[in-house]
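Student: For reference, the sequence and a predicted model appear below.
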Amino acid sequence: MKLASDNFLQEASAALNAPEKVARRNLLGQFLPLARDSAASKYGDFDALRAHMKRVRRHTSEHLSHYLQQFEEAAVQHGNQVHFVADAEQLNSKVLSICQAHSARRVAKGKSMVTEETGLNELLLKAGLEVLETDLGEYIIQQAGETPSHIVGPAFHKSLAEIRQLFLDKHKLGERGLETASEVVEEARGILREQFLAADVGIIGANALVAEHGTSMLVTNEGNGDLCANLPPVLIVCTTFERLLPRAEDAMALQRLLVRSATGQPQTCYTSFYSGPRREDDPDGPLETHIILLDNKRSDILASDYREILDCIRCGACLNHCPIYIGVGGHPYGWVYPGPMGSVLTPLLTSLEQAHALPNACTSCGRCAEVCPANIPLPDLLRDLRQDESVQRIKPARWRHGLRLHAWLLRHPALYQRFTGWAMRLLGWLGKRRGAFRRMPFASGWTGQRDFPAPEGGGTFMGQYAARRRRGVRRG
Amino acid sequence: MDKPHPKRKRSRQRRDVALMVTCLADLMRPSVGFAAIRLLERAGCRVSVPEQQTCCGQPAYNSGEIDAAVPVARAVIETFEPFDYVVVPSGSCAGMLSHHYPALFEGEWRDRALALAAKTWELTRFLTEVARLPAPKRPPLESAITYHDGCAGLRELGVQQQPRQLLQEQCGAQVQELSQNKVCCGFGGTFCARMPEISGKMADDKLDDAVASGATIVAGGDLGCLLHLAGRARRRGVDLEFRHVAELLVGEPRGPGIGDGRE
Ligand code: SF4
């Protein structure tokens, strides 16, 4: 997917100026945290589960090569073909060559963020294949020619009315008017069913890879992933090494965390483990299966101080709890992954230079880290990226110099107090009547949106306190 | 539960408390600093205000200018470590001392940062858990109050029920809760100036929530949030009064609220 994060501020501004969409996002931002909280509190000791998962993940990444090898051996034993690819281009061409080897014409895809990352659809379409997204949300945005706005609900940004209109425009509906939400869903279901049956290749992602069995786990609510995996003769699982877990029970622990954090359900409708191609006495299943493991800079991240972001299980809770994501929606972030996790991942997977606005789209409020089931210290990682932004001289010089000058002044109390004493006395006097300024030199960032409250008057606290001490007055 | 023990009389001894005024109270709202002193003295503390203090260094730290923040942190540690307690009328600055300073250092300085962290208290937490205020001799506050929880106080320090309890005990005021009382107001230090439009939207949500609560006063424990909200309210013409919780606890506030004039 093409990176457009350097337009974050402009796109955010546009998003904030669409009141209907803002209101809908605000509702999501209220509802989803409620759902998550209630699911987490009903579970019992959810935090203990989070801590347990953290230990499992740490152990796994510390023994990564062992578990990768175990996974590969077990998967190959089941008849899978396992491929390791370094970057987006390699993944795309691998998938294309598999499709071409089978003279495939139609591809049915389950939801996969990894293939969004690599821009797979574009390449397959260019090569003349028909590619159909089968997750309802992905299907909707594919029809609309849009990109996902949320990692769990890619079409959260679309209202029912918009979806209905989209189907009216794109589908041959005859007399049907699609009056209700369920009629809209039925309509999509009908179309998708045919496609599953006609597809030559199915492509899905994975929520976890189980090293001991060489299986991949997929969690969905619509069952479309299972149809993609079982009906077409060829299955390709596109995934990354950080989905790896030692045992099946670890994958189940992850599933408990994931589902509650994502939608607030205790369980999704479908949780499937795929082991490989159809065996002799299996009634159905693909004839050939491939598992492609994409690196795409993840090895670098693992070796860096940002490795904890690889623990992300893509639940979307940090998005749902982030007031900035809720404020502007997913599209301004300009790439596959929005919200707090995206603001960490995007600069690391693409370029900090082009995506440096994202780590700044954070007030360090800490709500994301509070709910992140993988216990990722997101605000800390974002601050570290802001540090990189400064060290690499990407941050606007005026900010860098201003902040550094301020910090320098802080270390010279006498000078600082003399300067602030004078400035605050002046501002206090000027602002006495109105109590606030509409404009202020060097503070347009503040006064563009708000008045600048005037200081109380009489100078700074330190100045007044020193004067009182001199007069021997202790009480104000 | 442990019973009062004769030796507990020790707790009657005056505690040596250093007030960390915070830069925003110092520059913008000195009455918060004076209110904090009076509250601490009422609670039986001996209060010092170290002269060398300026600011905890959060602007540089949060913006990723870590190497500029480190010497500021060192100076704060040196200034405040001689005291038994360091009390801060801000969750955000107290969180900086308690949680972020230790992460800035290794070795000896880390130990000193941890020692400082161990005696640093946010004001309302200190007044509910360490030194108690005597019962007030004044009529309850008439105005309806809502409370905005600063994020650092709430999530880093567990400050939530303490200011409410104090407002109840000292002002007879029952806080009228915001419906989204765990959501950030959009201040975020330099964020509010680097991403003003998003910050403004977040302030608007908070202001609408405050108006809907029926309160006329928005109290809070962090001047950053309050200045930002008051500034936005002034710009939009939203009629609310903004006050630091210390101003209310010390007695019926006299001067104008934050961002209000004398006209
Ligand atoms: S960072 Fe945490 S909260 Fe955000 S999507 Fe990943 S696992 Fe979920």
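Tutor: Right, received. Where do you want to start? Numbering: from 1, shown residues only, chains lettered A, B, ... in the order given.
Student: Residue ranges in chain A under the pLDDT threshold?
Tutor: Filtered on pLDDT under 70, chain A yields the residue ranges A:174-175, A:473-476.
Student: which residues in it form strands?
Tutor: A:81-85, A:106-109, A:130-133, A:201-204, A:208-210, A:215-220, A:234-240, A:244-245, A:270-274, A:288-294, A:436-437, A:452-453 (DSSP state E).
Student: Tell me which of these is the most buried.
Tutor: Sort those by mean neighbour count, taking mean count of other Cβ atoms under 10 Å in any protein chain shown, and strand A:201-204 sits at the top with a mean of 28. Heads up, the C-betas are built off the backbone N, CA and C, glycines and all.
Student: contacting residues around that one?
Tutor: Defining contact as Cβ atoms under 8 Å, 6 or more residues apart in numbering or on different chains, one finds that strand A:201-204 is touched by A:95, A:98-99, A:102, A:104, A:106-112, A:115, A:120, A:218, A:225, A:227-238, A:286.
Student: How much space separates A:Gly421 from A:Leu405?
Tutor: A:Gly421 sits 18 Å away from A:Leu405, going by Cβ to Cβ, to the nearest Å.
Student: Neighbour count for the two, which is higher?
Tutor: A:Gly421 (19 against 12; other Cβ atoms under 10 Å in any protein chain shown).
Student: Verify the stated contact: that one with A:Gly459.
Tutor: Yes - when contacts are counted by Cβ atoms under 8 Å, A:Gly421 is listed as touching A:Gly459 (5.2 Å).
Student: Quick check: A:Leu68 touching A:Thr240?
Tutor: No - in this structure A:Leu68 lies outside contact range of A:Thr240 using Cβ under 8 Å: 11.3 Å.
Student: Grab the most central residue of chain A for me.
Tutor: A:Tyr337 (3.8 Å; Cα atoms, centre = their mean).
Student: Give me the nearest residue to it, chain neighbours excluded.
Tutor: Spatial nearest neighbour of A:Tyr337, chain neighbours left out: A:Leu345 (4.9 Å); criterion: Cβ to Cβ, 6 or more residues apart in numbering or on different chains.
Student: now the one you found: how far from A:Gly339?
Tutor: 10 Å.
Student: What is the burial count for the residue nearest to A:Ala144 when sequence neighbours are not counted?
Tutor: Spatially, and ignoring its direct neighbours in sequence, A:Ala144 is nearest to A:Leu166 (5.5 Å; Cβ to Cβ, 6+ apart). Counted with other Cβ under 10 Å, the neighbours of A:Leu166 add up to 19.
Student: quick one on the thing from earlier: contacting residues for the residue nearest to the centre of chain A?
Tutor: Counting by Cβ under 8 Å, 6+ apart, A:Tyr337 has contacts A:Met113, A:Ile151, A:Leu345, A:Thr346.
Student: so what's whichever residue of chain B sits closest to the ligand scoring on pLDDT?
Tutor: Distance from the ligand to each residue of chain B (Cβ to the nearest ligand atom) is smallest for B:Arg155, at 14.9 Å. Listed pLDDT for B:Arg155 reads 97.
Student: Please verify my assumption that it contacts A:Glu370.
Tutor: Yes - shown here, B:Arg155 and A:Glu370 form a contact pair, counting by Cβ under 8 Å, at 5.9 Å.
Student: if you count what's nearby, which of those two comes out ahead?
Tutor: The neighbour comparison of B:Arg155 against A:Glu370 (other Cβ under 10 Å) goes to B:Arg155, with 23 against 17.
Student: wait, is that one part of a strand?
Tutor: No - looking at B:Arg155 with DSSP: H, G, I helix; E, B strand; the rest coil, it is helix, so not inside a strand.
Student: List the contacts of the residue lying closest to it once chain neighbours are set aside.
Tutor: When the adjacent residues along the chain are set aside, B:Arg155 lies closest to A:Gly366, with 4.3 Å between them (Cβ to Cβ, 6+ apart). By Cβ under 8 Å, 6+ apart, A:Gly366 lies in contact with A:Pro379, B:Cys151, B:Ala152, B:Arg155, B:Glu156.
Student: which residues touch A:Ala467?
Tutor: A:Ala467 neighbours (Cβ under 8 Å, 6+ apart): none.
Student: From chain B, how far off is A:Asn296?
Tutor: Using Cβ to the nearest Cβ, to the nearest Å, one obtains 25 Å as the distance from A:Asn296 to chain B.
Student: Just send the strands of chain A back as a markdown table, with distance to the ligand too.
Tutor: Below are the strands of chain A laid out as a markdown table (distance: least, Cβ to the nearest ligand atom, whole Å):
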| stretch | distance to the ligand |
| --- | --- |
| strand A:81-85 | 23 |
| strand A:106-109 | 21 |
| strand A:130-133 | 21 |
| strand A:201-204 | 19 |
| strand A:208-210 | 13 |
| strand A:215-220 | 13 |
| strand A:234-240 | 13 |
| strand A:244-245 | 14 |
| strand A:270-274 | 18 |
| strand A:288-294 | 18 |
| strand A:436-437 | 38 |
| strand A:452-453 | 35 |
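Student: What's the local residue count around the residue of the stretch 351-476 of chain A found nearest the ligand?
Tutor: The stretch 351-476 of chain A approaches the ligand most closely through A:Cys372 (3.3 Å), counting by Cβ to the nearest ligand atom. If you count neighbours by other Cβ under 10 Å, A:Cys372 ends up with 24.
Student: got the domain boundaries for chain B?
Tutor: As assigned by automatic domain parsing, chain B contains the domains B:12-128, B:138-249.
Student: ok now the last one, how far from the chain's centre?
Tutor: Put simply, domain B:138-249 sits 11 Å off its chain's centre (Cα atoms, centre = their mean, to the nearest Å).
Student: Identify the residues contacting the residue lying closest to B:Pro50 once chain neighbours are set aside.
Tutor: Among residues not flanking B:Pro50 along the chain, B:Thr79 sits closest, at 4.9 Å (Cβ to Cβ, 6+ apart). B:Thr79 makes contacts with B:Pro50, B:Gln52, B:Gln53, as judged by Cβ under 8 Å, 6+ apart.
Student: Write a PyMOL command that selects only the buried members of the residues you listed.
Tutor: Of those, the buried ones can be selected in PyMOL as follows, counting by 16 or more other Cβ atoms under 10 Å in any protein chain shown:
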select buried, chain B and resi 50+53
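Student: need the contacts of B:Thr79 in TSV with pLDDT, can you?
Tutor: TSV is the format used below for these (pLDDT from 0 to 100):
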residue	pLDDT
B:Pro50	97
B:Gln52	95
B:Gln53	97
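Student: out of the contacts of B:Thr79, which one sits closest to B:Leu240?
Tutor: For the contacts of B:Thr79, the minimum distance to B:Leu240 (Cβ to Cβ) is 31.1 Å, reached by B:Gln53.
Student: Make sure that closest one is actually in contact with A:Leu410.
Tutor: No - checked against Cβ under 8 Å, the pair B:Gln53 and A:Leu410 is beyond contact range at 9.5 Å.
Student: For the spatially most central residue of chain B, give its distance to chain A.
Tutor: Nearest to the geometric centre of chain B sits B:Ser90, at 2.3 Å (Cα atoms, centre = their mean). Relative to chain A, B:Ser90 is positioned 13 Å away (Cβ to the nearest Cβ).
Student: Spit out the contact partners of that residue.
Tutor: Neighbours of B:Ser90 in contact, by Cβ under 8 Å, 6+ apart: B:Thr22, B:Leu24, B:Ala25, B:Glu122, B:Leu123, B:Gly150, B:Gly153, B:Gly221, B:Asp222, B:Leu223, B:Gly224.
Student: Return the set of buried residues in stretch A:12-32.
Tutor: Residues A:Ala12, A:Ser13, A:Ala15, A:Leu16, A:Lys21, A:Val22, A:Arg24, A:Arg25, A:Asn26, A:Leu28, A:Gly29, A:Leu32 are the ones in stretch A:12-32 that count as buried (16+ other Cβ under 10 Å).
Student: quick one: which of the residues you listed is nearest the ligand?
Tutor: Closest to the ligand, out of all of these and judged by Cβ to the nearest ligand atom, is A:Leu32, at 11.5 Å.
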